[in-house]
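In: need a structure here:
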Amino acid sequence: QVQLVESGGGLVQAGGSLRLSCAASGRTFNVNAMGWFRQAPGKEREFVAFISWSGGSTNYADSVKGRFTISRDNAKNTVYLEMNNLKPEDTAVYYCAVGRWLIAAAWGYDYWGQGTQVTVSS
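Out: Numbers count the residues shown, from 1 in each chain. Model (predicted):
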């Protein structure tokens, strides 16, 4: 089992910034990827970004490229999502996830956090 604890969501005006954190604990030896997904009301959960466990590989959804940055602190087993120039359409519940494959699809991740709300006002 892997436990994920997220933090950092909140309310921000358009153009503002937020940083999400996700701390992993437990049996992480099979984890190769840490990812962020989001789900807006009435929409399916969508991929935002992933990073390899080593931190050497990253990938982003086109909608967030150039605005969001994913990173990790190996010593703390923590992954971060720095979100800049936020837009109202970024409003969603953001979920952290870990899995065995570097893949931009929710089915590829085995453990999920509880989610943190990000609301961007116009």
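In: which residues does the residue nearest the centre of the chain contact?
Out: Relative to the mean C-alpha position of the chain, the nearest C-alpha, by C-alpha atoms, centre = their mean, is the one of Trp36, at 2.2 Å. For Trp36, the contacting residues are 20, 22, 48-50, 70, 79, 81, 94-97, by C-beta atoms under 8 Å, 6 or more residues apart in numbering. Any C-beta I mention is one placed from the backbone N, CA and C, and that applies to glycine too.
In: and what of Lys87?
Out: With C-beta under 8 Å, 6+ apart, Lys87 has these contacts: 14, 120.
In: now do 6 Å
Out: Ala14 (C-beta atoms under 6 Å, 6 or more residues apart in numbering).
In: Need phi/psi at it.
Out: With angles defined as degrees, to the nearest 10, Lys87 sits at phi -120, psi 160.
In: Next one: it from Val12, what distance?
Out: Here Lys87 is placed at a distance of 10 Å from Val12 (C-beta to C-beta, to the nearest Å).
In: Flag the shaky bits of the protein, pLDDT-wise.
Out: Nowhere does the chain drop to pLDDT under 70.
In: Kindly recompute the last result at 80.
Out: For the chain, the stretches with pLDDT under 80 are 28-30, 55.
In: And the strands in it?
Out: In the chain, the segments counted as strands under DSSP state E are 2-7, 10-13, 18-26, 33-39, 46-52, 58-60, 68-73, 78-83, 92-99, 109-112, 116-121.
In: Identify the residue nearest Thr119 in space, chain neighbours excluded?
Out: Leu11 (4.7 Å; C-beta to C-beta, 6 or more residues apart in numbering).
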